[in-house]
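**Student:** Structure for the following, please:
(4 chains)
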There are 2 protein chains.
Amino acid sequence: MENPESFLPLPPATFHILMAVADEDRHGYAIIQEVEQRTGGELRLSAGTLYRSIQRMLEQGLLVETQERPAPEFDDERRRYYRITGFGQQVARAEARRLTQLVKLARASGFAPGRV
Amino acid sequence: MENPESFLPLPPATFHILMAVADEDRHGYAIIQEVEQRTGGELRLSAGTLYRSIQRMLEQGLLVETQERPAPEFDDERRRYYRITGFGQQVARAEARRLTQLVKLARASGFAPGRV
DNA sequence: TGGGATATATCCACAGTGGGTATAATTAGA
DNA sequence: TCTAATTATACCCACTGTGGATATATCCCA
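**Tutor:** Alright, predicted model coming up:
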């Protein structure tokens, strides 16, 4: 597994997907809805972006597909559930650090207010 | 002139260029050096990226080329100086707001510490 | 049973980027 | 004075990430 920093800057869709699965495993379609909800409707991941991002992230070891499924009465067999890996968390933290630095720069340039 | 929000998300190079010319007019090569310095060497704009970004930004009205030049003994006639426009400042502020929101999301997901 | 929402997947076109190359003027040094 | 390095702008090619469209299939409800 490579150095997390070597993945930076993360493609925006990738970072949003990592945040959407940070707290619990989710399937593709649920990730789209979660991202839309978390961003207040600002970001709507297209299906094309989502599934190609997920495929890449599986290869990179940021996500794994889980076998665990919810109780049959809440499940849908079409779904495929994804879980963030420890490495995925490291990469997400590295990207969060980079973005935090960027906001500091924006503040120094007078484009953002003094405190977040 | 369009709505500043319609330019979001800003290409990373564009946002860095806006920050580099926020405080004073700069020429192309100086922008590359300024961005490298501000990011602590993390981001090195390639010449290809820089000049294509500048061209686009001039068309979009984010930058203008200035006629004012430094005293001849400090000048270099090959240089072309760029200045951020009022609209460029609006767009930069909008992008800064978007990034600030993103860092808040990262914090809510546990990927960034509580305060910046 | 029909229709809309849910779900995954693939294809195409396009924008932004890095790296390389070209060209030229200016400056520094031998 | 000739040469080499630095500064500066511009263009080209290949690659990646993205949105939008399309395809296929299932689920749920009226």
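
**Student:** contacts and neighbour counts: CA atoms only from here.
**Tutor:** Fine.

**Student:** close to DNA strand D, is stretch A:48-61?
**Tutor:** Yes - against DNA strand D, stretch A:48-61 shows contacts by C-alpha under 7 Å from any atom of the strand at A:48-49, A:52-53.

**Student:** Can that stretch be said to contact DNA strand C?
**Tutor:** Yes - for stretch A:48-61 and DNA strand C, the contact criterion (C-alpha under 7 Å from any atom of the strand) is met by A:48-49, A:51-52.

**Student:** Select from the residues of stretch A:48-61 next to DNA strand D every entry located in helices.
**Tutor:** Counted as lying in helices by DSSP state H, out of the residues of stretch A:48-61 next to DNA strand D, are A:48-49, A:52-53.

**Student:** what pLDDT, on average, does the longest helix seen in chain A get?
**Tutor:** With secondary structure taken from DSSP H, chain A has its longest helix at helix A:86-108. Mean pLDDT, helix A:86-108: 96.

**Student:** these two touch, right, A:E65 and A:R80?
**Tutor:** Yes - in this structure, A:E65 is within contact of A:R80 by C-alpha atoms under 8 Å, at 7.0 Å.

**Student:** Can you show me the strands along chain A?
**Tutor:** A:26-27, A:63-65, A:81-84 (DSSP state E).

**Student:** tell me what the last one is packed against?
**Tutor:** The contact analysis (3 or more C-alpha pairs under 8 Å, 6 or more residues apart in numbering or on different chains; DSSP states H and E) places strand A:81-84 against strand A:26-27, strand A:63-65.

**Student:** hmm, back to that, give me the contact status of the longest helix of chain A with chain B.
**Tutor:** Yes - residues of helix A:86-108 are located near chain B by C-alpha under 8 Å from any C-alpha of the partner chain, namely A:89, A:92-93, A:96-97, A:99-100, A:103, A:105-106.

**Student:** Can you pull the residues of chain A lying near DNA strand C?
**Tutor:** Looking at DNA strand C, the residues of chain A close enough under C-alpha under 7 Å from any atom of the strand are A:27-30, A:47-49, A:51-52, A:76, A:78-81.

**Student:** which regions of chain A sit below the pLDDT cut-off?
**Tutor:** A:1, A:115-116 (pLDDT under 70).

**Student:** Contact residues of it facing DNA strand D?
**Tutor:** Counting by C-alpha under 7 Å from any atom of the strand, chain A sits next to DNA strand D at A:11-14, A:43-49, A:52-53, A:76-78.

**Student:** Now with 6 Å, please.
**Tutor:** Contact residues (C-alpha under 6 Å from any atom of the strand) of chain A with DNA strand D: A:11-14, A:45-49, A:53, A:76-77.

**Student:** List phi and psi for A:T39.
**Tutor:** phi -90, psi 10 (degrees, to the nearest 10).

**Student:** State the number of residues packed around it.
**Tutor:** As a burial measure, A:T39 scores 15 neighbours (other C-alpha atoms under 10 Å in any protein chain shown).

**Student:** what's the neighbour count on the nearest residue to A:E5 once chain neighbours are set aside?
**Tutor:** Excluding the flanking residues, the one nearest A:E5 by C-alpha to C-alpha, 6 or more residues apart in numbering or on different chains is A:A94, at 6.4 Å. Neighbours of A:A94 under the rule other C-alpha under 10 Å: 21.

**Student:** what's the answer for the one 4 residues further on, then?
**Tutor:** The local packing of A:R98 (other C-alpha under 10 Å) involves 19 other residues.

**Student:** what sits against it?
**Tutor:** Going by C-alpha atoms under 8 Å, 6 or more residues apart in numbering or on different chains, A:R98 touches A:P9.

**Student:** before we move on, the earlier item: between the ones in helices among the residues of stretch A:48-61 next to DNA strand D, which is nearest chain B?
**Tutor:** A:T49 (15.8 Å; C-alpha to the nearest C-alpha).
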